[in-house]
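Undergrad: 3D model of this:
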Amino acid sequence: MDIIKDDAAQTSAEMLLLFGGIIVVVIVAALFYRNYLSGLGNTITNNDLCNTVNGINNLNQKFT
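TA: Modelled structure (predicted):
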């Protein structure tokens, strides 16, 4: 067994470093956009809820 010519361990280490780097980039991006993403969900929910309530009130006024 020739350890000097065996590249399997080096390839595995490079793949681990590559995947680790990708995970770090994703975590940093999520932390950077955390406020934007959390606010986006609330805005959509509030706007949709207001539109639905207004639509129901308009229908209620038409039939009364």
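
Undergrad: is residue 54 within a helix or a strand, and which one?
TA: Residue 54 is part of helix 34-63, with elements assigned from DSSP states H and E.

Undergrad: and if you look at residue 24?
TA: helix 8-32.

Undergrad: average pLDDT across that helix?
TA: On average, the pLDDT along helix 8-32 is 88.

Undergrad: residue 33: neighbour count?
TA: By other CB atoms under 10 Å, 11 other residues sit near residue 33. In this view, the C-beta of every residue, glycine as well, is placed from N, C-alpha and C.

Undergrad: next, it: phi, psi?
TA: The phi and psi values for residue 33, taken as degrees, to the nearest 10, are phi -100, psi 10.

Undergrad: got the contact list for it?
TA: Contacts for residue 33 (CB atoms under 8 Å, 6 or more residues apart in numbering) come out as none.

Undergrad: for the remainder of this discussion, apply numbering that starts at 25.
TA: New numbering, starting at 25: the last item is residue 57.

Undergrad: how far away is it from residue 48?
TA: 15 Å (CB to CB, to the nearest Å).

Undergrad: just residue 60 next, same as before
TA: Distance, residue 60 to residue 48, by CB to CB: 20 Å.

Undergrad: swap in residue 87?
TA: As judged by CB to CB, residue 87 and residue 48 stand 58 Å apart.

Undergrad: please say which of the two ends up with more neighbours.
TA: residue 48 (10 against 5).

Undergrad: on that earlier part again, elements contacting the helix holding residue 48?
TA: Helix 32-56 is packed against no helix or strand, with contacts defined by 3 or more CB pairs under 8 Å, 6 or more residues apart in numbering; DSSP states H and E.
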